[in-house]
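Visitor: Requesting a structural model of the entry that follows:
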Amino acid sequence: MIPTLHTDRLILREITPEDAQSIFSYFSNDTVTQHYGMKTFERIEEAERLVVAFATSYKEKRGIRWAIERKSQQGLIGTIGFNLWSSAHRRAEVGYELHPDFWRKGYSLEALKAVVEFGFKELQLTRIGAVVYIENEASNQLLHKFGFEKEGILKQYMVQNNKAHDVNIYAKFNPNLT
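Guide: Take a look at the predicted model:
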């Protein structure tokens, strides 16, 4: 079972099949998916498959994904977690998304702090990376604000809607190991 994390305003909890409708509500929005590297959802079944994929990734120790929920009101507003988790190499990539109704309210930063701390302390990661579309100003600013170091640009790294996109590559290193 995925451990539950708490912040001042948020609960980061395991994603359940009941969350599929909330996930569909924002992954069916082109504004959310334009910088995500996947097609916009057209059917609820796509969200249901994503919930299963998150659980499988955790079971196989390849990733861990939390539902982001406000303490003041039940219901998923986004997800956050690690992809490409390698316990052997002690690294992972962080990824996240929020429903647009909750953008620019500090929730992403709050969740990111909790997940990065968990990754360094509990998973003993030495490096947490992030890959972000260059044109995704909000995500680039978030990572910079939280102290992620921009390492460079990967040219034509992600293809979405038949268009290749350049991405920024970021990393944050475990301060307890330096």
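Visitor: Grab the nearest non-local neighbour of D30.
Guide: Nearest residue to D30 in three dimensions, chain neighbours excluded: T40, at 5.2 Å (CB to CB, 6 or more residues apart in numbering). Using the backbone N, CA and C atoms, a C-beta is placed for each residue, glycine as well.
Visitor: Secondary structure class of that neighbour, three-state.
Guide: Secondary structure state of T40, per DSSP: H, G, I helix; E, B strand; the rest coil, is coil.
Visitor: mind listing what it touches?
Guide: Neighbour list for T40: F27, S28, N29, D30, V32, T33 [criterion: CB atoms under 8 Å, 6 or more residues apart in numbering].
Visitor: from those residues, which two are the most distant?
Guide: F27 and D30 (10.1 Å; CB to CB).
Visitor: between the two, who's got more neighbours?
Guide: F27 (21 against 9; other CB atoms under 10 Å).
Visitor: least trustworthy helix or strand in the protein by mean pLDDT?
Guide: Of the helices and strands making up the chain, the lowest-confidence element is helix 30-33, at a mean of 89, by mean pLDDT, DSSP states H and E.
Visitor: So which bits of that helix are buried?
Guide: V32, T33 (16 or more other CB atoms under 10 Å).
Visitor: just stretch 115-135 next, same as before
Guide: Applying 16+ other CB under 10 Å to stretch 115-135 flags 115-116, 118-120, 123, 125-133 as buried.
Visitor: What about those residues, which are in strands?
Guide: R127, I128, G129, A130, V131, V132, Y133 (DSSP state E).
Visitor: Number of residues surrounding D8?
Guide: D8: 8 surrounding residues under other CB under 10 Å.
Visitor: number of nearby residues for the residue nearest to it when sequence neighbours are not counted?
Guide: Among residues not flanking D8 along the chain, E110 sits closest, at 6.8 Å (CB to CB, 6+ apart). Neighbours of E110 under the rule other CB under 10 Å: 17.
Visitor: and the angle for the helix or strand containing E110 with strand 127-133?
Guide: Element membership for E110, per DSSP states H and E: helix 107-121. Here helix 107-121 runs at an angle of 150 degrees relative to strand 127-133 (axes from the mean of the first three to the mean of the last three CA atoms, to 10 degrees).
Visitor: Wait, P175 touches F120, no?
Guide: Yes - here P175 reaches F120: they are 7.4 Å apart, a contact under CB atoms under 8 Å.
Visitor: for the host helix or strand of V167, packing partners?
Guide: Assigned by DSSP H and E, V167 belongs to strand 163-173. Judged by 3 or more CB pairs under 8 Å, 6 or more residues apart in numbering; DSSP states H and E, the packing partners of strand 163-173 are strand 127-133, strand 149-160.
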